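Engineer: got a predicted structure here, sequence first:
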Amino acid sequence: MDMFAFLNLNELALGLSNLPMFPYFDMAHYIISVMSLREKPGALDVSQRSAFACWFSSMLHCFGGAVLSALMMADAPIAPLSNTTNLLLASLMCEMISVGYLVFYCPLDGVYSLASVWPLRLVLTGMKEVTRTWKVLGGVTQAGRKYKDGLFVMIAVGWAKGAGGGLISNFEQLVRGVWKPETNELLKMSYPTKVTLLGSVLFSLQQCGFLPMQTHHLIFIYTLFIVTNKMRMMLTSGSSSYPFSELESVLYKTLFVRPLTFSPLADSTQGSDQTCARQTNPEEAKKKD
């Protein structure tokens with residue numbers, strides 16, 4: 001893009017696209033993922049009852065996207081766990097941060113307290129958001145190799161790989177003995193799920209040639225967007241506002257809200273039921289009248 005050349009950002013965009021995720025960015029992803037699990041209600045109680053259940057739910061938080069995308073691509077769902085180095089690294093983070101025994105023996109819960117220090121957590125969260133870009137791009141590229149120009153397949157796989165931990169949250173809750181179907185991510189999408197879907201759409205359009213932009217330029221723009229917006233949300237007292245919430249609200253009200261000129265569905269159903277009753281039982285209807 002001419003804008004990148006004008007602002008001398010080409011080298012920065014290329015450097016970001018070649019940035020290795022292992023081990024530091026992956027480690028940040030594991031730490032923040034497991035910390036978010038620890039902070040869920042009842043997670044510490046489960047850690048005391050069953051260390052294995054806590055470890056397994058932690059692995060779903062860390063590798064949920066890879067597992068879900070593998071299922072969608074008809075690959076082995078345990079394939080993401082075949083990388084022993086990453087598995088041990090994630091397990092180490094789990095042991096140090098939330099669900100392992102070390103958290104109970106560490107004096108004053110020092111490890112978790114250290115990771116919860118606001119500046120450090122801010123940096124770790126930003127690093128985790130950087131890994132989101134690579135997960136989404138990896139899913140889109142993987143689907144594109146198998147289903148060439150399959151736009152919707154690429155969007156679905158990229159979305160699953162980037163936000164799989166949230167999309168399979170109900171299964172992860174079952175591992176911890178919790179069943180809350182009303183928390184289904186598809187019923188009420190969280191910010192990570194929405195922003196991952198946005199990224200999956202953009203990268204899929206770019207891979208199919210509908211978005212005239214080089215890959216490393218899109219990586220730079222999308223990463224800058226999700227990192228800065230996440231930092232803004234954290235710095236504004238945990239605000240969960242979505243930058244496109246107003247546009248999203250307008251589109252929803254325009255396209256999906258039932259017009260007020262129509263009667264409610266329940267009333268029309270009751271009216272049709274009464275009409276049918278009159279037709280099937282005219283004698284009883286006359287008696288009631």
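Structural biologist: It's in. Residues are numbered from 1 along each chain as shown.
Engineer: quick one: the strands in this structure, in order.
Structural biologist: Ranges of strands in the chain, per DSSP state E: none exist.
Engineer: in it, which helix or strand is least confident?
Structural biologist: helix 102-105 (a mean of 43; mean pLDDT, DSSP states H and E).
Engineer: quick one: low-confidence residue ranges for this protein.
Structural biologist: Confidence mapping of the chain against pLDDT under 70 gives the ranges 1-2, 5-7, 81-82, 86-111, 237-242, 259-289.
Engineer: distance of the residue nearest in space to the middle of it from residue 222?
Structural biologist: Geometric centre of the chain, nearest residue: residue 163, 2.7 Å, by Cα atoms, centre = their mean. The gap separating residue 163 from residue 222 is 14 Å, by Cβ to Cβ, to the nearest Å. Where you see a C-beta, it was placed from the backbone N, CA and C, and this is true even at glycine.
Engineer: same question, residue 165
Structural biologist: 19 Å.
Engineer: quick one, what contacts the nearest residue in space to residue 157 that is not next to it in sequence?
Structural biologist: Nearest residue to residue 157 in three dimensions, chain neighbours excluded: residue 143, at 3.8 Å (Cβ to Cβ, 6 or more residues apart in numbering). If a contact means Cβ atoms under 8 Å, 6 or more residues apart in numbering, then residue 143 has 73, 150, 153, 154, 156, 157, 158 as its contacts.
Engineer: and residue 165 and residue 222? Which one has more around it.
Structural biologist: residue 165 (24 against 20; other Cβ atoms under 10 Å).
Engineer: ok, that one to residue 119 distance?
Structural biologist: Where residue 119 is concerned, residue 165 sits at a distance of 25 Å (Cβ to Cβ).
Engineer: now residue 26
Structural biologist: Counting by Cβ to Cβ - residue 26 and residue 119 are separated by 21 Å.
Engineer: residue 75 now?
Structural biologist: Residue 75 is 39 Å from residue 119, by Cβ to Cβ.
Engineer: quick one: which of those two has more around it?
Structural biologist: Neighbour comparison, residue 75 and residue 119: the larger count goes to residue 75, with 15 against 7 (by other Cβ under 10 Å).
Engineer: how far is stretch 35-48 from where the chain is centred?
Structural biologist: 19 Å (Cα atoms, centre = their mean, to the nearest Å).
Engineer: residue contacts, the residue nearest to the centre of the chain?
Structural biologist: 65, 185, 192, 193, 196, 197.
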